[in-house]
Each structure stands twice: as C-alpha cells, then as structure tokens.
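> fold the stuff below for me.
(2 chains)
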Amino acid sequence: MLSTIIDWIAAHPYQVVGLVLPIVIPLALFQILPLLVLMERRGAAMIQDRAGPNRAYIPIPFLNVKVRGFGMIFNLTDAVKLLFKEHFTPPFVHKGYYRIAPAIPLITGLLTPALIPWFSPIVYQGGVLSGQTIDANSGILMLFAMASLSVYGVVLGSWASNSKYSLLGGMRASAMMISYEVSMGLSVIGMLMIVGSVSLTDVVEWQGQHTWGFVVQPVGFLLFLVSMFAECNRNPFDVAEGESELVAGFHTEFNGVKFMLYMSAEYLHMIVASVLIATVYFGGYQLLPIPGFGPEWVKAHVGQVLAIGLVGMALGLLGFVWVIKNRKAIHARSDSNPQDKAERAKEYGLYMAVFTLAGLGLLGAAGASWALINIERLGQGWIDFITAAVQFNIVIAKALLFCWLFVWVRWTIPRFRYDQIMDLGWKVLLNVALVNLLVTAVVAKLIG
Amino acid sequence: MAKVVPRPHLSLWENLYVVEIFKGLMTTWGHVQKNVTTGAFETRNYPEEAPSLPRDYRARHRLMKRPDGSPRCVACFMCSTACPARCINIVAEEADRADIEKRPATFEIDLLLCVFCGFCVEACPCDAIRMDTTIGVMVHDNRRDFIITKDKLLDWAPADYPATDTQSQKAPGGTLNAQALAEFNAGSRH
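Down below sits the predicted model:
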C-alpha cells in the first residue's frame, strides 16, 4: 500500500506538488509574520533613534550566552503571553459574532495567496502546473473580492463589541474600504488594459516580455500603492484603530488570542498587499525589468541565478557582521556595567561567529549551485522545481521591500484626519485614477 | 478671545503630498542608516547603563562614618520622625564609648516606601545620613532586598567621593583619615 503511494508520488511529481502548494504557500507566508513584527518594532526604533525591544533572551546553557536575537525572542514571549491570557469576554458583547469576527480577516488573508502567481506556469507531460492555485479567468477581480472581505471581520467585530469606540472604528474601516476600493480598481485597470487580460499570470508574463508595470503605469502604481495602504488599514490611513481618538478602534474589546488573530491578519494583509504590488507593478517573479530575461532564460540559467542570489544573501550577512562589530565596539565604550558589557561582548561574538559561518556557507552553496545545478546533471523535473522556488523567492524579496515601505511610511507620516481621508479618496485619487485610465486607453489605442 | 491660527498656505507642489512624503521618508531613512550602521542611539540602556547623576541629586542613602569606621549616627530618631513615608526603622543601643551616648543597633531604610524627599538629611543633627551616592538604579529580585540595612548603608568608599567632601574623606580609607583618626582618639567627636 505504502509502496504504491510512494511509487505514484514518484511517477507524478508535478501533480503532487500542485496538491501540496496551496497548503504550503499560505503557511510559508505565515512564517514571514514574525519577521514583519520584528521589522516593524526595530524599524520604528531605528527611525526614532532608540534601541527597540532587546530584553527577552534565551540562555544558551553550555556557552553561557544570553541570545536575544535582535528582539526576535519577543515574538515568542508575545505569543505565549497572548495565548495564555485570560479568555475574557465582556458581558455586553454579542457572543457569537464576537467569537467569529477575529477569524474572518485571517481566513481571507490566508486565502488570497491562492490567487497570486508565485512562479511561471510549468508545462509537463499531460498538463500545466500554474503558479496560481486558482487560475481563474476572473483573476485579479477575485483577488480584490477576497481581500476586501477582510473588512467584514472588522465590521462584524466592531458591531459585536457593542461599544461606541469599536463601532466608530468599524464604520471608518468600512467607509474607507468602499472609498479606496474604487480608486484601487480603477488604477489597476490601466495596467490590465495594456496587458489585455485580467489574469495575473498574464500580467506578469507581459511584464517579462516588455517591462515592469511601474514604468508604463507610474501614476497607476502610485494610486495603487496609496489604495493598498488604505486597504490594509495602515498608517497614514489607520483611522480604524485611531488610538488617539478611539482607544484602540475596532479591536478595543478584544484581548488575548482574538487580538492576536486581528494583529496577525493585519500583517498577513500587509504581506499580501506587498506581493500584489510586486506582482502587478514590479514584475512578480520576473528577474529584471528588461525583456530577454524571462522565465525561459531563468530556467536555462537557474544555477547561476540561484548562485547570484545566494552571493547577495551572503554579502548581506557579512555586512551584518560588520554592523554587529560596530555595535560591539560601541557597547564596549559605553558606560554600561561590567557584567552587562561582558555578556554583550559574548553575545555579539556569538552572532559574529554564526553569521560569518552562515555567510561563508552561503558563498559555498552559491559556488555549488553555479557548478552543479544544470539540466544535464539534474534532469527537467528538478530544474522546473528549483526555478519555481527561485521565482517564489524573487516575489517574496520584492514583497519584503514593500513591507519595509509599509513600515517606513507608518513611522514617517502622521495619520490623516478622517475627513481628509475621504477628501483624498473621493476628490483626488478617484479623479486621478479616471484621468489615468482615459489617457492610458487613448495611448494604448494609438500605439495599438 | 480665541486666537485665530492662520492655516499654512500649501503650494500645489506641496499639496500633491508625493514629494513631501518622499522628503519625509528620506529624513527617517537618514536616521535608520545612522542607527543601523553605528548603533549609537540617543537613548540609554537603562538600567545596565546607569544615568550619571549629579552629587546633589537625591539618590540612595548612605550613613556617614567616623574616622574609626563606626556610623556617625547617634540614634536620635530625628530622621525617622521627619520621614513622611516612615521608611526609616532604627533600633538604638548603648554606645561603647563614654563620650557617645547611643548608637544604632539596626538602621533600616525601606526603599520601596521611601519617597526620596531628603527630609532625613535635613533633619540629621550629626551629618550622619546623606543621599549623595548617585545610586539612582535600585534593582532587586525580591522585596526584602529593597530594605537596606546598616551594613549596606555604610558600604561606601571615600575614593568614590570628591576630595572637597571633607566629611567623607575623614572616613577610613579617605585622604584626611589619618589626622582625623588621631584627633578622634584624642577625644574629638568630629
């Protein structure tokens, strides 16, 4: 029985991968959440000239080092705290909706990756393995529909909370969603018109053959970016939370796990939005913004592409070692107490050793990848999957840049007032989107 | 009469936000770059890095010492009477010198009750209690450790205090100790 299953798997690798991917990709995205939380907290700290979270640590027994992981350990402590908090339900809430609501944004956030092309379609004997799990003709429209469903969780939660702050937050979120959904849809239509298809795979393939979307649609890109900030309820559009006016907005009455669900959904939507921006306007899984380096080229040179990526990561790590070295020197000069100085010196030493080793290891892996990964040695199947993995990582790398943009903007720009948001949405963005659409249509018709 | 604040006039360029936001992003990026590459933050790693407090800051208490090392305190209870937080607990006993009447058997200050008002220092007739240690960071694992005893209060070295602080320098180990000890043994109470 087991051997037949294994034989079947070996005989149908593409089908098996196609079955597993819809589960693996959302889970993989979920693993980025801790990184994003860290990015947010440390990024905020760096922007505000402070150290940020760096207290929680894990003691390493034999080395006698306290590893604080640049604040990474705080994700663990946060999760433990939120999971083990009292499961408190305020007496005045609508119990049923109150329990359902926090799950909705997370569910929609985990569904949307199914509609994003993570790698170029793989043609194999007897079928095509698409980078999109749901390769529907409706494509991007379905994605928008899914993504905007998340506001139902917010509105339902705020309504169920039966508190005026929550309700105001929820109303703001829904009003903002309605306003910005319009300009978002209209801004992306320009791109779809040029491509001539609503399928996201087609959009990305077009960008591979011509150039990336933000070059041909700069205004559309800007509008889409701003609308995405509003969609994600991120600063400067986070009036739904608006802690200066509404306590904590829609999640005022939520605590513990329910609060954690809302928060992780927010970050998940940030990832999805970043991936979407990267897909529509920054070439998705395409490597370079010039034609000639499309998926076929990547597939033919996948070992080299992977090697260059690994070298880039290795250089990043070694640069980080240099940063830690600076930190170590500064901390040794600071007027901290001697015990703390000794602990820090040890800790930084450990980081430097580990990261140097990891960097050198990556350099070795890059060399191996350059020399060993080629079609003669591995065969078509492996090359297909390695290409898909490389393309997936290209998308993620681009998306992480936009995630940083989300964080960066949040700690740079103050929050808009609610009426300013409505003004911007209806009086500016909508009009610019319409004009952009008109101009794009005319130019596209003239050029052909 | 309400004060009318004129709205700043924004040019069209500024009203587009895009350029201004980009400028703002560049400002914050400068901070990120500086902080990530050098790690020289404006903030202090409290409590590992204790703030450098001035001498006249009302920090943790200490008991002053006679040239022979015994506390200058004569257990008069002036400080504990003056204390608004009632955090000073003294038990008096008979001193072993004929010219000194009493001395503290125990002298405890509960730092969790203390409001650091400095009244005890003002009240002391013998300059026996001071708050010039510049120990502003008090971290302990349990509440018992926050009650500091006589030994702890007497545990300071004259070398940590300025040479102009003659009272401190007369304590054992201080620059003025030899002469002061001779005078003290000769009968001076200092």
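
> rest of the way, CA atoms for contacts and neighbours
Will do.

> can you give me the helices for the stretch 51-200 of chain A?
A:73-84, A:95-100, A:103-111, A:140-161, A:164-195, A:200-209 (DSSP state H, counting those that start in this stretch).

> again, but for chain B
With DSSP state H as the criterion, chain B has helices at B:12-15, B:18-38, B:78-82, B:119-123, B:150-154, B:166-169, B:177-185.

> need the pLDDT of residue A:448.
pLDDT recorded at residue A:448 is 68.

> what does residue A:36 give?
The model's pLDDT for residue A:36 equals 89.

> isn't it up against residue A:268?
No: if you go by Cα atoms under 8 Å, residue A:36 and residue A:268 don't touch, sitting 9.2 Å apart.

> lowest-pLDDT helix or strand in the chain?
No chain was given, so I picked chain A. helix A:375-378 (a mean of 74; mean pLDDT, DSSP states H and E).

> ah, I was thinking of chain B
Min over SSEs of chain B, mean pLDDT, DSSP H and E: helix B:12-15 (a mean of 80).

> is that helix up against chain A anywhere?
No: applying Cα under 8 Å from any Cα of the partner chain, one finds helix B:12-15 separated from chain A by no less than 10.7 Å.

> so where do the strands sit in chain A?
A:58-60, A:65-67, A:122-124, A:127-129 (DSSP state E).

> which one of the ones you listed lies closest to chain B?
strand A:65-67 (14.7 Å; Cα to the nearest Cα).

> paired strands for that closest one, with orientation please.
strand A:58-60 (antiparallel) (DSSP bridges).

> the more surrounded of residue A:36 and residue A:268?
Taking neighbours as other Cα atoms under 10 Å in any protein chain shown, residue A:36 and residue A:268 compare with residue A:268 leading, 26 against 21.

> what's the closest non-adjacent residue to the more buried one?
Once flanking residues are discounted, residue A:268 sits nearest to residue A:109: 5.9 Å by Cα to Cα, 6 or more residues apart in numbering or on different chains.

> ok, that neighbour - how many residues close by?
Residue A:109: 29 neighbours (other Cα under 10 Å).

> what does chain B have sitting close to chain A?
Residues of chain B lying near chain A (Cα under 8 Å from any Cα): B:21, B:24-25, B:28-29, B:31-32, B:35-43, B:45, B:48-50.

> what do you get if the cut-off is 6 Å, keeping everything else the same?
Contact residues (Cα under 6 Å from any Cα of the partner chain) of chain B with chain A: B:28, B:31, B:32, B:35, B:37, B:38, B:39, B:41, B:42, B:43, B:48, B:49.

> wait, doesn't the second one sit right on residue A:45?
No: Residue B:31 lies out of contact with residue A:45 (Cα atoms under 6 Å); the separation is 9.8 Å.

> okay, these two: which has more neighbours?
Set residue B:31 next to residue A:45 and count neighbours by other Cα under 10 Å: residue A:45 wins out with 19 against 16.

> of all the residues in chain B, which one is nearest chain A?
For chain B, Cα to the nearest Cα, closest residue to chain A: residue B:49, 4.0 Å.

> with adjacent residues omitted, what lies nearest to that residue?
residue A:336 (4.0 Å).

> so what's the residue count around the one you found?
Neighbours of residue A:336 using other Cα under 10 Å come to 19.

> can you report phi and psi for it?
phi -80, psi 160 (degrees, to the nearest 10).

> what pLDDT does it get?
Looking at residue A:336, its pLDDT reads 80.

> that one contacts residue B:51, doesn't it?
No: if you go by Cα under 6 Å, residue A:336 and residue B:51 don't touch, sitting 9.5 Å apart.

> got the contact list for the least confident helix or strand of chain B?
Applying Cα atoms under 6 Å, 6 or more residues apart in numbering or on different chains, helix B:12-15 turns out to have no external contacts.

> run through chain B and note the low-pLDDT ranges.
B:189-190 (pLDDT under 70).

> if you set the cut-off to 80 instead, what comes out?
B:1, B:14-16, B:38-42, B:46-52, B:98, B:187-190 (pLDDT under 80).

> nearest residue to the middle of it?
In chain B, the centroid-proximal residue (Cα atoms, centre = their mean) is residue B:59; its distance is 1.6 Å.

> was I right about it contacting residue B:137?
No: between residue B:59 and residue B:137 there is no contact under Cα under 6 Å: 8.6 Å.

> longest single strand anywhere in chain B?
Chain B, longest strand under DSSP E: strand B:102-110.

> can you give me the buried ones in that strand?
Going by neighbour count (16 or more other Cα atoms under 10 Å in any protein chain shown), the buried part of strand B:102-110 is B:102, B:103, B:104, B:107, B:108, B:109, B:110.

> and stretch A:282-298, what's its mean pLDDT?
On average, stretch A:282-298 scores 82.

> I should have written stretch A:70-78 there, sorry.
87.
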